[in-house]
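In: what would the 3D arrangement of this be:
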Amino acid sequence: MTIAAGFVCSDGLLFASDTLYSGEQRRYGKKFWTSEWGATTVVFGGAGTQAGLLRTRDEIERRIEPTADRYVVIQAVEEALALVEEKLKPSDYERTEALIGIRTSGGYWLYENQGGRSMLSVVDKVSQCVGYGHSLGWYFADSLFKSGMTIEWAKKVAAHLVKQVKTYSSGYCGGRTHLVALPASGSVRFIVKKAEIIPLEEYLAEVHEAMQLVLPDKRSNDDTALNRVERFNETVRTLRKQFFLRVQPTEIKISSSVIATKITKPTDSE
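Out: Coordinates of the predicted model:
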């Protein structure tokens, strides 16, 4: 159950999750943690039961030395996952599905334990989702996040992704939205306050609502619905050809060649 996601950005890694744990009892809490050993920083978390995630976190920290490099961390995480699997003997839907970010002086990497087992592998694409809502999460991540994008953009995609998964997962994902940014250099940042999360969720909300404008309703026939779709598609094609900036008028001078197209709601006569 639940949802967690990781993004490989041009300037670091970003992680996102809801706060509902898997299991028969509804428990809520954070799902990502960070630790530092010398020049090595690790972000561990994912989807699963509270007992599985917390025990795995503790076993990882117990195994890693201050001089640990990336390969020592990988071995420690695999040993921790194997131990917890043996101790808890979870059912298939209670397994710990982990996402691990490792940053050293040589770079940063996103790992996962495919299928909830103990062996880690590098995520071979720019994003990954685990947990009950992973399929819906994949749709949003694959549609909205591409190679070379920054942590700043990933935050907007991740907030939108978690919100939509919570909305459409029939209660299997829920609670609050948490984000964790692991930049290529500098401090790890947890983004958990509603005052920060809500604006990130709203950034893509208008696009989501705009797509719903083309849906048939009681005022339209088939021809009207098709006309709405064509107008929407035409607007999108136009925007692709134009340079669009969201800035205050006092911040920049925009030449007459820059045009912003606004999608308007259809009227009854359209």
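In: can you give me the strands in the stretch 1-150 of the chain?
Out: For the stretch 1-150 of the chain, the strands defined by DSSP state E, counting those that start in this stretch cover 4-9, 12-17, 32-37, 40-47, 97-104, 107-112, 121-122, 127-130.
In: buried sites along the third one?
Out: Taking 16 or more other C-beta atoms under 10 Å as the basis for neighbour counts, the residues of strand 32-37 that come out buried are 32-35, 37. Just so you know, the C-beta spots here come from the backbone N, C-alpha and C atoms, and that holds for glycine as well.
In: same deal with stretch 153-168?
Out: Buried-residue list, stretch 153-168, by 16+ other C-beta under 10 Å: 153-166.
In: quick revisit: Leu54 is nearest to which of the strands of the stretch 1-150 of the chain?
Out: Evaluated over those, closeness to Leu54 peaks at strand 32-37, with 9.0 Å, by C-beta to C-beta.
In: still on that earlier bit, for the strands of the stretch 1-150 of the chain, which one sits closest to Val188?
Out: When the strands of the stretch 1-150 of the chain are ranked by proximity to Val188 (C-beta to C-beta), strand 32-37 comes first, at 4.6 Å.
In: which strands and helices sit next to that closest one?
Out: When contacts are defined as 3 or more C-beta pairs under 8 Å, 6 or more residues apart in numbering; DSSP states H and E, strand 32-37 packs onto strand 40-47, helix 50-63, strand 178-183.
In: mind putting the buried residues of stretch 153-168 into TSV with secondary structure and distance to Asp18?
Out: Formatted as TSV, the buried residues of stretch 153-168 follow (DSSP: H, G, I helix; E, B strand; the rest coil; distance: C-beta to C-beta, whole Å):
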residue	secondary structure	distance to Asp18
Trp153	helix	21
Ala154	helix	17
Lys155	helix	16
Lys156	helix	17
Val157	helix	15
Ala158	helix	11
Ala159	helix	11
His160	helix	13
Leu161	helix	10
Val162	helix	6
Lys163	helix	9
Gln164	helix	11
Val165	helix	7
Lys166	helix	6
